[in-house]
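Colleague: From the sequence below, what's the structure:
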Amino acid sequence: MFLPPEAFGQGMSLDEGDQPDALAHASAWDVATRYHEFKAKPAYANVARELRRISVEAILERARVILGSVVRPVEGRLAPLSEIEPDALQMEMDVDETFEASPLALLGRTRPVDELALTADDIWMSYQIKRRQAVILTVDTSLSMTGEKLALTAVALAVVLLQFPDDPIGIVAFENEAKVIKRTDESLSLQELIERFIDVPAQGYTHLEAGLKSALSLVLTREARRTYRRPSTVLLTDGKYTAGRDPAYLAPRFPHLVVLKMGREKASLDLCRELAHRGNGRLREVPDLETLPSVMYGVVKDLLRGRSS
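Modeller: The predicted structure follows:
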């Protein structure tokens with residue numbers, strides 16, 4: 001469908017006659033799939049920011065449709081009142097545990113519990129907390145991943161970000177070199193994160209070793225390791241590298257490495273299989289990139305359920 005002038009925000013006097021031909025009948029998703037192409041051309045310089053906004057909204061809309069409604073699992077916890085976590089749910093006093101922890105404070109007392117000389121350290125509470133999961137997303141953004149491939153990859157990342165809004169999520173993009181797009185201790189809006197990702201320049205080489213090294217540095221951060229469950233790394237790659245060494249030696253250093261092998265190339269399948277096996281994870285083949293967001297949704301569900309994806 002044609003993008004109307006108001007799609008480009010106030011202050012933009014851009015009517016159909018002013019738009020370059022490629023935008024005259026473009027949908028929001030068309031813009032997302034050709035964002036890198038558009039922003040590189042001087043003819044689109046005055047609307048580059050709006051094209052990015054439209055692209056991000058189209059990506060997030062697709063991700064929300066795929067994600068639907070997923071119930072976040074919870075974990076039962078028991079702790080003194082003084083150590084209750086801020087996001088605790090359904091708190092109840094555990095009388096048995098409190099008595100066992102402070103028998104002298106309760107022995108022989110006939111007054112109500114709330115009148116006893118108990119401190120916050122003496123009172124034990126049972127409660128629930130949403131299961132936290134550290135996830136490091138490591139993504140090939142070389143020249144082979146431009147256009148619709150990059151947009152669909154952004155949708156897959158958005159699926160994870162929507163499901164784990166408050167968890168330590170790290171994002172690494174790699175091509176000639178690796179770039180950390182989001183640290184595990186960094187708080188950013190979904191819009192900012194997707195903007196950062198789609199603005200990563202696509203370069204010619206694929207330095208898979210550098211990408212895994214950067215991912216490993218995020219896995220080992222304090223924020224990622226303090227979660228109840230082991231950090232998971234999800235690697236999106238076609239299994240081919242044109243720079244650096246064979247990265248297989250890095251795989252055993254990961255607590256949990258899930259490899260999404262993209263494309264139908266069989267020559268690189270053995271490396272992907274080795275990375276997943278040595279990284280204590282699993283390999284998932286994604287022959288058609290159009291299915292990547294749905295496959296990522298499956299990975300998200302498995303991580304939430306505590307399964308080895």
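Colleague: all contacts plus neighbour counts: C-alpha atoms, from now on.
Modeller: Will do.
Colleague: For stretch 26-43, list every residue counted as buried.
Modeller: Residues of stretch 26-43 classed as buried under the neighbour-count rule (16 or more other Cα atoms under 10 Å) are 28-36, 38-39.
Colleague: Sorry, slip of the keys, the one I care about is stretch 161-172.
Modeller: Buried, per 16+ other Cα under 10 Å, within stretch 161-172: 161, 163-164, 167-172.
Colleague: for stretch 210-220, same thing?
Modeller: Under the neighbour-count criterion of 16+ other Cα under 10 Å, stretch 210-220 has 210-216, 218-219 buried.
Colleague: Pipe those residues into TSV and attach pLDDT and secondary structure per row.
Modeller: Output for those, formatted as TSV (pLDDT from 0 to 100; DSSP: H, G, I helix; E, B strand; the rest coil):
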residue	pLDDT	secondary structure
A210	93	helix
G211	93	helix
L212	94	helix
K213	94	helix
S214	94	helix
A215	93	helix
L216	91	helix
L218	90	helix
V219	86	helix
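Colleague: Tell me which two in the buried residues of stretch 161-172 are the farthest apart.
Modeller: For the buried residues of stretch 161-172, the farthest-apart pair by Cα to Cα is Q163 and V172; their separation is 18.3 Å.
Colleague: re the thing from before, which of the buried residues of stretch 210-220 lies at the shortest distance from H277?
Modeller: Comparing those against H277 with Cα to Cα places L212 closest, at 15.1 Å.
Colleague: ok, the closest one touching A248?
Modeller: No: here L212 lies out of contact with A248, judged by Cα atoms under 8 Å, at a distance of 9.6 Å.
Colleague: May I have the phi/psi pair for F174?
Modeller: phi -140, psi 140 (degrees, to the nearest 10).
Colleague: again, but for I169
Modeller: Torsion angles, degrees, to the nearest 10, at I169: phi -100, psi 130.
Colleague: what residues are up against it?
Modeller: Residues in contact with I169 (Cα atoms under 8 Å, 6 or more residues apart in numbering) are 134-137, 161, 182-185, 224.
Colleague: What score does P86 have for pLDDT?
Modeller: Looking at P86, its pLDDT reads 70.
Colleague: Counting by contacts, list what the helix or strand hosting S294 packs against.
Modeller: Taking DSSP states H and E as the definition, S294 sits inside helix 292-304. Packing partners of helix 292-304 (3 or more Cα pairs under 8 Å, 6 or more residues apart in numbering; DSSP states H and E): helix 48-67, helix 148-163.
Colleague: which of these sits most buried?
Modeller: Most buried of the helices and strands packed on helix 292-304 by mean neighbour count (mean count of other Cα atoms under 10 Å) is helix 148-163; its value is a mean of 23.
Colleague: Dump the contacts of I169 to TSV, plus pLDDT and distance to D199.
Modeller: Listed next are the contacts of I169 as TSV, based on pLDDT from 0 to 100; distance: Cα to Cα, whole Å:
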residue	pLDDT	distance to D199
A134	84	24
V135	88	22
I136	91	19
L137	92	17
L161	88	17
K182	91	13
R183	91	17
T184	87	20
D185	85	21
A224	61	25
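Colleague: Switch those residues over to TSV; also include secondary structure.
Modeller: TSV is the format used below for these (DSSP: H, G, I helix; E, B strand; the rest coil):
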residue	secondary structure
A134	coil
V135	strand
I136	strand
L137	strand
L161	helix
K182	strand
R183	coil
T184	coil
D185	coil
A224	helix
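Colleague: Show me where the stretch 51-200 of the chain dips below the pLDDT cut-off.
Modeller: Across the stretch 51-200 of the chain, the ranges flagged by pLDDT under 70 are 69-75, 83, 87, 89, 100-118, 143-145.
Colleague: ok so, going back, pick out the most distant pair among the contacts of I169.
Modeller: Spatial extent of the contacts of I169 (Cα to Cα) is set by the pair L161 and A224 at 15.2 Å.
Colleague: before we move on, the earlier item: got a markdown table for the helices and strands packed on helix 292-304, with distance to E92 too?
Modeller: Converted to a markdown table, the helices and strands packed on helix 292-304 look like this (distance: least, Cα to Cα, whole Å):
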| stretch | distance to E92 |
| --- | --- |
| helix 48-67 | 33 |
| helix 148-163 | 28 |
